[in-house]
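Engineer: This is a predicted model, with the sequence first.
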There are 2 protein chains.
Amino acid sequence: MASRFVYYFGNGVADGGKEDKELLGGKGSNLAEMVRIGLPVPPGFTISPEVCRLYLTEKRYPEGLKEQVKAALERLEGDMGKQFGSGDFPLLVSVRSGAAASMPGMMETILNLGLNDQTVEALAKATDNERFAFDSYRRIIQMYCDEVLGINAKEFEKQLSEAKEKQGVKLDMELSAASLREVVKNYKALVEERLGQPFPAEPEVQLWGAIEAVFRSWNADRAVAYRKVEGLPDTMGTAVNVQVMVYGNMGEDSGTGVAFTRNPATGENAFFGEFLLNAQGEDVVAGIRTPHKIAEMDRLLPAQYQELVQLQHKLEQHYAEMQDLEFTVERGKLYMLQTRRGKRTAAAAVKVAVDMANEGLIDKAEAVKRVSPDQLDQLLHPRLDPKAKPEVVVTGLPASPGAASGQACFDPDLAAERAANGEKVILIREETSPDDFHGMVAAKGLVTARGGMTSHAAVVARGMGKCCVVGATGLHIDEETHSARGPGGEIKDRDWVTVDGTTGRILQGKVPTVDPEMTGDFKTLMEWADSYRDLKVRANADTPTDAKNARMLGAQGIGLCRTEHMFFEGERIQAVREMILAGNVEERRAALAKLLPMQRGDFEGIFREMAGLPVTIRTLDPPLHEFLPNKKEDQEEFAKKVGLSTQAVARLVEKHREANPMLGHRGCRLGLTYPEITEMQARAIFEAAVNVSKEGIDVLPEVMIPLVGDIKELEQQREIVLRVAEEVQQASGIKLHYLIGTMIALPRAALLAAEIAGAAEFFSFGANDLAQATYGISRDDAVTFLPHYIEAGIYKHDPFQVLDRSGVGQLVAMATANGRKTRTNLKVGVCGEHGGEPSSVEFFHDTGLDYVSCSPFRVPVARLAAAHAALARPRKGKTQA
Amino acid sequence: MASRFVYYFGNGVADGGKEDKELLGGKGSNLAEMVRIGLPVPPGFTISPEVCRLYLTEKRYPEGLKEQVKAALERLEGDMGKQFGSGDFPLLVSVRSGAAASMPGMMETILNLGLNDQTVEALAKATDNERFAFDSYRRIIQMYCDEVLGINAKEFEKQLSEAKEKQGVKLDMELSAASLREVVKNYKALVEERLGQPFPAEPEVQLWGAIEAVFRSWNADRAVAYRKVEGLPDTMGTAVNVQVMVYGNMGEDSGTGVAFTRNPATGENAFFGEFLLNAQGEDVVAGIRTPHKIAEMDRLLPAQYQELVQLQHKLEQHYAEMQDLEFTVERGKLYMLQTRRGKRTAAAAVKVAVDMANEGLIDKAEAVKRVSPDQLDQLLHPRLDPKAKPEVVVTGLPASPGAASGQACFDPDLAAERAANGEKVILIREETSPDDFHGMVAAKGLVTARGGMTSHAAVVARGMGKCCVVGATGLHIDEETHSARGPGGEIKDRDWVTVDGTTGRILQGKVPTVDPEMTGDFKTLMEWADSYRDLKVRANADTPTDAKNARMLGAQGIGLCRTEHMFFEGERIQAVREMILAGNVEERRAALAKLLPMQRGDFEGIFREMAGLPVTIRTLDPPLHEFLPNKKEDQEEFAKKVGLSTQAVARLVEKHREANPMLGHRGCRLGLTYPEITEMQARAIFEAAVNVSKEGIDVLPEVMIPLVGDIKELEQQREIVLRVAEEVQQASGIKLHYLIGTMIALPRAALLAAEIAGAAEFFSFGANDLAQATYGISRDDAVTFLPHYIEAGIYKHDPFQVLDRSGVGQLVAMATANGRKTRTNLKVGVCGEHGGEPSSVEFFHDTGLDYVSCSPFRVPVARLAAAHAALARPRKGKTQA
């Protein structure tokens, strides 16, 4: 028995339904579903994607296909009481693609199949509309030749233009029936000339040509590219839908339109769409005539409008989801041509989900699932007004979302100065270093020509929720003249530019932006999400302001407070530099003594903001030379302040230079060689904790030792922290609750986690550093090859954005499991950039982590992603909320 | 029943033997053994180290100990017919330490216990030698007070000096009995003054004081430090040996000496030692009197000498090992006081082992085990004449062994120029980069102030077998004035200096050196070793000269040929720079076309030298900017040659600058972004293979793709290599046998080995790079903290020297096992520095690798280490040779 490849729908019965996406494709399954629930759908049949797969791999059709198509066609003829390619009122069909996943506009559609010199005359007679019949005929010739036979549609357009010129009209629809007869004649001559044979008159030949064209279009460049971007499998294949033609251009009782069951921009529960009287679907898309708002249809075709309103409601109720519809009215009869899930903005997604749950259409878990965490990002940053048509200077990597306009500035000192004078500044740099921090803080947006998605600029910008574009390699910056040139023009000092961190574009001038809206629905949805998730979500925050912001966005603590970020503020850097360049322990202690009260003050502020929530503070981590005066002017200034020669300072700075600072004297290696630094930081933490405790505030510090690769490193640092904690508690008479743990940022720490857990009360994965070491790739240098790697399919994702499950993830899972074997109550979290990336959050949930920590602005994203993960695979022993 | 803690020996019977080291310590077990085999040993007893362990942890003696000691003492009295502390001829004993592992001179020894005001008179009478008795008495007071009671021996020495002055003599032995009586009186007064109580007269008190002092001395600073250096466990504890005193200073029929059963310097099978007439053991050690050669004893005490010669032969035969003996003749009677394994030079070790096997004393496997691989290094490099007493300018890290003298030079260009003029040059640099290569090649020895044991200078030096000291941080180099200053003086340009790469010292002037000797015995031993080992040993070699050298030293192929090392020779660097700075593919191909014949020529030379053996060639690995003109002069020169402005060249160079080059655009990332580089290198390899094959030589190239972290990287590079190989074979009509594999140098590659083995015919661990990434430590920057880490016991070893078994080793084992699951015949080797380090070689043997590859000069070390490992744990299914 031959397999079944063809599935019929029409006349109230269908061989499938919405659950049959794999078998019928998305479009086909929805057409079948609409038929099943009694909607008026032009009948037709669907050829399964299986046929496409076979055709593309083996260049043949399966046995029995031709017979099954023939049978379906005969059934169609019976249902419609018409014949395909003959009769008084010949049957015409369309052929459309429809894969299991939506690929709008990516593959072929061919209409009016079945028209030829005979049937066109019958159609003209039957519809009493010669103009309509010949317009349809010329359309199929043009479309078919373009898409099946490979004659460029422009050649036909040229003839059509000539015809309009000849008749002295401007629009296609003004062409008379006579003109269109002439056009058809010329079209056919063109085909004969190009192909050496006439346009195929046989309807069956037309049909099979169209089917094959749809299959071939699966591998067209744009379809392949689309699937790559969307991450869809190339092996899926497309279905083909053959459907009876209905016409919205049969007169003033006909029309066509597209509609959404709710407003896709705002989510408002109001029927929304556009409608054109006496027109075909392609006319709406082409945008030649301005369509009416859907409500106008009530005036123009009131009965059909009422029916449509009822049907759209029925569809939404049936699918329990906002629908995107296409419909046509042919001579007063309404036909539904398509229904599918309606795309929507992030704001709309949130509102629709919450509304539908409140309406009882879906439950709260479903509402939470309906909003994609990635989308949320849109809600959390200002964005460019979608109506603006800006000129692009250069496009780089979208490092930190949002948009901002300001005057270009190429120097961080200048940026800080101008910002202080109230100017809006966009800082443009080859790349940034911590030396530029004050300028970065001052700027409204950041641009760098070098660096990747996790370069210094990108990480700092995301941490501050500031829009940022990095790796704009097309931008040539001239630091001498304070100007830059990109493929789209030049930027001079103080020129107005706009940074679009959401798309990675640098735009000329001041492009208007739209402010983020935090509606009540958003808040509601996040609360629902919170009720499902197992993972806690913390934020990476280095200042009281960050902490406050993080808490507002729902952070349940601070997962990473980088003490070194505090080192750049104001006059502190001087003391930091004295500490680093100290010639001996005494000098270093003196410099540290200056830093102690500053750090203590910072911690006090953070502890107050985070009352009752845990705050993980990492001891000094980055290579010391990041703090040093690298520029000549800075060296001169520093030399003057400490009373050394500039040369001596230069020598000291040079002494701290490292070939590979990421792999150098940093992390706990600093605290081990200079224990007095750890001591000062521990003192600042515990004294702050005591002070804030005295105010009646609950303080939960967690001291995190960075870059541990061996338990002995942790033990020695832990000893210092414990001793200082004891001293501070003794002196104050206040008992503190605190933890000491470590960052797992090196493969060796992950490999030896069982041992290291013996000295750690918590692990926090530094997923970025861990990826860096596991891949042997520096985030800052990856820009030279990583884009090529993604392009060439070597990596599916940038491993600094999406956690690499097979490599880095293997270490994370191993370390979590082994660490807990040693210490069952080991708290495990992650504090890298990945903590706010949905697919990574899913992995962390599945791996059994206790929390993720991310930039404050990613906290809602992580909360939602954690809820999605928990809904997909709840943890054992968890009772569903 | 109380446990047993005390073990007797004497009178032909002993409670243990040489197999009881754990129970009796090394010294005690050998004393017991000597008694057992009938040698004349003064009787005594041994207190087990268990007692020491208990005493040190719980500050108490075990129950029953006192009784057991008392019983042993009584047995001693019975055997000797004397009483301890009384009688006409009182019994005197010594107390000596003796741990299971030898710690010569590290713990206490106290002699003459049992002497007091009464027994000294009895002794004087019994021996008829008042002088001897009082000399013995003053010795015990001095020794006991210093070691047990904490009065510095110098205070007694002062009184002794005064006595000599008073009597008008120079030597201790010239002091009269009367003077010594006076000395004893003064000593006792001093004791009373210092302690407020008299010197303990009770022999039992003396004995227990001495025993306790031995136990305490286990934790003395020098003993702790010694154990740390030797890697001995602190928990072991020491035994105490209590033994009847015999005296070599009882007249002209007495004497004492130390001897070796063979010559410890040369290994010659001839009785070797020193002897002093009428002296005690400590007199020999003190070096006041010049001892006679042992043969002199034949003249002075002929009967005893003949007995000694027989006994030493008996001992060597019994132990089947060269012995280090101590003996005393007391009034014509020979006593053996100690026997132990004799320490020896590397040359002696080899000769003794081979001779003993040839004599049938041991088998060949045992001979192989008798030589330590670490020791072999001594045989492979010239070394400083041990008789020289040089002045040390500074001490750094001993990066590459051997010694060389030359004139100081601070500039690599100058070094090359001077060497060309026949000068001997020592190159002294802050640190080296590949730019300095020509200068390094030209120099006789290298010194850097920065960098660790595996810094560029160190690795290159070891590769070339050139002596090198790195990380001489005490050396301040002034590049302006071409001079350097260290704690031991200044070095100016052209000053003669000597580099001792074996100890890490930089010495003033020309210190004479001794050339290495490669004796026939050495060759024999290596052949025996080869017959046992499972691991193959290859060499890292980049040139035909290296390859020839490696083969001479027994390499079974090349495990790592770094193509980039060829890039620095002569005019090649110009073409390399053109390749890197090329603006487009065409320019790059043009530059590569210049390099192709050069690389092909190199490979031809290497293939010829390695006829019939595999040659693993790694495609381009290091970051490109290593090859670029970084200095202004070089940039000017390059700019002139290619017709660009110096500024443009500087910009291009800057464009290639990376923040962390080790983690940047290097390894296969180069070949993936510039496939034409891989293509050129593959072409050079296969064309060379074809050309050499045509000469009738068997060529076995193995192409190694570096720094792979994902199978896709390997697949894409593999495709290029396969295509080029096919093309070259097609064009020549010659079929080549070759493999394509990858270096496992990244944690991710190790983690995904199962997958990667799908595209790799071999794995070669880049153990250094792997350690670098696993630890997150750059070899070049580690000098800032690694020495402190070793010092503070955080790391036991430098992980770049000794493979870290728990972390990096875990990855190696995992990758080997998983890789072979995918591909059972996967060839697995290692090509980092660890391939020539004995403990690492042992690990690689145990992990089942096929081969190790190391610097040519380490090949014999690796061969021997591999044999040791195989002898310790032969692989399953292996039939012992």
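Structural biologist: Cool, the structure landed. Predicted model, so just to flag it, every value in this text is computed and none were measured. Numbering: from 1, shown residues only, chains lettered A, B, ... in the order given.

Engineer: Secondary structure element for the closest residue to chain B within the stretch 201-350 of chain A, which one?
Structural biologist: Nearest residue of the stretch 201-350 of chain A to chain B, counting by CB to the nearest CB: residue A:228, 14.8 Å away. Where C-beta positions appear, they are placed from N, C-alpha and C, glycine not excepted. For residue A:228, the host element (DSSP states H and E) is helix A:221-230.

Engineer: Near chain B, which residues of the stretch 1-150 of chain A are found?
Structural biologist: Residues of the stretch 1-150 of chain A found near chain B (CB under 8 Å from any CB of the partner chain): none.

Engineer: Can you show me the CA trace of stretch A:329-338 as CSV?
Structural biologist: Taking C-alpha atoms only, stretch A:329-338 is exported to CSV below (Å, rounded to 0.1, in the frame of the first residue of the first chain):
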residue,chain,number,x,y,z
VAL,A,329,-14.9,38.6,0.2
GLU,A,330,-15.9,37.3,-3.2
ARG,A,331,-19.2,38.7,-4.5
GLY,A,332,-20.5,39.1,-1.0
LYS,A,333,-19.2,35.8,0.3
LEU,A,334,-16.6,35.8,3.1
TYR,A,335,-13.7,33.4,2.9
MET,A,336,-11.0,32.8,5.5
LEU,A,337,-7.7,32.2,3.7
GLN,A,338,-5.3,31.9,6.6
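
Engineer: all helices of the stretch 251-400 of chain A, in order?
Structural biologist: Listed in chain order, the helices of the stretch 251-400 of chain A (DSSP state H, counting those that start in this stretch) span residues A:281-286, A:297-300, A:302-319, A:346-359, A:364-370, A:373-376.

Engineer: err, the stretch 451-600 of chain A, not the other one
Structural biologist: Assigned by DSSP H, counting those that start in this stretch, the helices in the stretch 451-600 of chain A fall at A:456-464, A:520-532, A:544-552, A:572-581, A:585-609.

Engineer: My guess is residue A:858 contacts residue A:832. True?
Structural biologist: No: counting by CB atoms under 8 Å, residue A:858 stays clear of residue A:832, with 11.5 Å between them.

Engineer: Output the below-cut-off pLDDT ranges for the stretch 651-800 of chain A.
Structural biologist: Within the stretch 651-800 of chain A, no stretch has pLDDT under 70.

Engineer: Quick one: the helices in it, in order.
Structural biologist: Assigned by DSSP H, counting those that start in this stretch, the stretch 651-800 of chain A shows helices spanning A:668-673, A:675-694, A:711-732, A:747-751, A:753-756, A:767-775, A:786-791.

Engineer: could I get the ones you listed as a markdown table with distance to residue A:427?
Structural biologist: Shown next, in a markdown table, are the helices of the stretch 651-800 of chain A (distance: least, CB to CB, whole Å):
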| stretch | distance to residue A:427 |
| --- | --- |
| helix A:668-673 | 29 |
| helix A:675-694 | 30 |
| helix A:711-732 | 36 |
| helix A:747-751 | 35 |
| helix A:753-756 | 40 |
| helix A:767-775 | 23 |
| helix A:786-791 | 23 |
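
Engineer: okay if I get those helices as TSV plus distance to chain B and mean neighbour count?
Structural biologist: Putting the helices of the stretch 651-800 of chain A into TSV (distance: least, CB to the nearest CB, whole Å; neighbours: other CB atoms under 10 Å in any protein chain shown) gives the following:
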stretch	distance to chain B	mean neighbour count
helix A:668-673	5	23
helix A:675-694	10	22
helix A:711-732	4	18
helix A:747-751	4	30
helix A:753-756	8	23
helix A:767-775	5	28
helix A:786-791	5	16
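
Engineer: quick one: which of these is nearest residue A:33?
Structural biologist: The minimum distance between residue A:33 and the helices of the stretch 651-800 of chain A falls on helix A:786-791, with 37.7 Å, by CB to CB.

Engineer: and the closest one, how far from the chain's centre?
Structural biologist: How far helix A:786-791 lies from its chain's middle: 18 Å, per CA atoms, centre = their mean, to the nearest Å.

Engineer: Which strands and helices lie in contact with it?
Structural biologist: Judged by 3 or more CB pairs under 8 Å, 6 or more residues apart in numbering or on different chains; DSSP states H and E, helix A:786-791 is in contact with helix B:668-673.

Engineer: pLDDT-wise, which helix or strand of chain A ranks last?
Structural biologist: When the helices and strands of chain A are scored by mean pLDDT, DSSP states H and E, helix A:281-286 comes last with a mean of 63.

Engineer: rewinding a little: include mean neighbour count when you put the helices of the stretch 451-600 of chain A into CSV, please.
Structural biologist: Below are the helices of the stretch 451-600 of chain A laid out as CSV (neighbours: other CB atoms under 10 Å in any protein chain shown):
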stretch, mean neighbour count
helix A:456-464, 25
helix A:520-532, 19
helix A:544-552, 20
helix A:572-581, 21
helix A:585-609, 18
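
Engineer: what about those helices, which gets the closest to chain B?
Structural biologist: Per CB to the nearest CB, nearest to chain B of the helices of the stretch 451-600 of chain A: helix A:456-464, 9.0 Å.

Engineer: Next, work out how far apart the residue most central in space within chain A and chain B are.
Structural biologist: Centroid-nearest residue in chain A, with CA atoms, centre = their mean: residue A:374, separated by 5.0 Å. Distance from residue A:374 to chain B, counting by CB to the nearest CB, to the nearest Å: 25 Å.

Engineer: what sits against that residue?
Structural biologist: A:838, A:861 (CB atoms under 8 Å, 6 or more residues apart in numbering or on different chains).

Engineer: now do 6 Å
Structural biologist: residue A:838 (CB atoms under 6 Å, 6 or more residues apart in numbering or on different chains).

Engineer: for the stretch 151-300 of chain A, which spans come out with low pLDDT?
Structural biologist: Across the stretch 151-300 of chain A, residues meeting the criterion (pLDDT under 70) sit at A:229, A:283-289.

Engineer: Setting aside sequence neighbours, what's the nearest residue to residue A:686?
Structural biologist: Of all residues not flanking residue A:686 in the chain, residue A:728 sits nearest, at 3.9 Å (CB to CB, 6 or more residues apart in numbering or on different chains).
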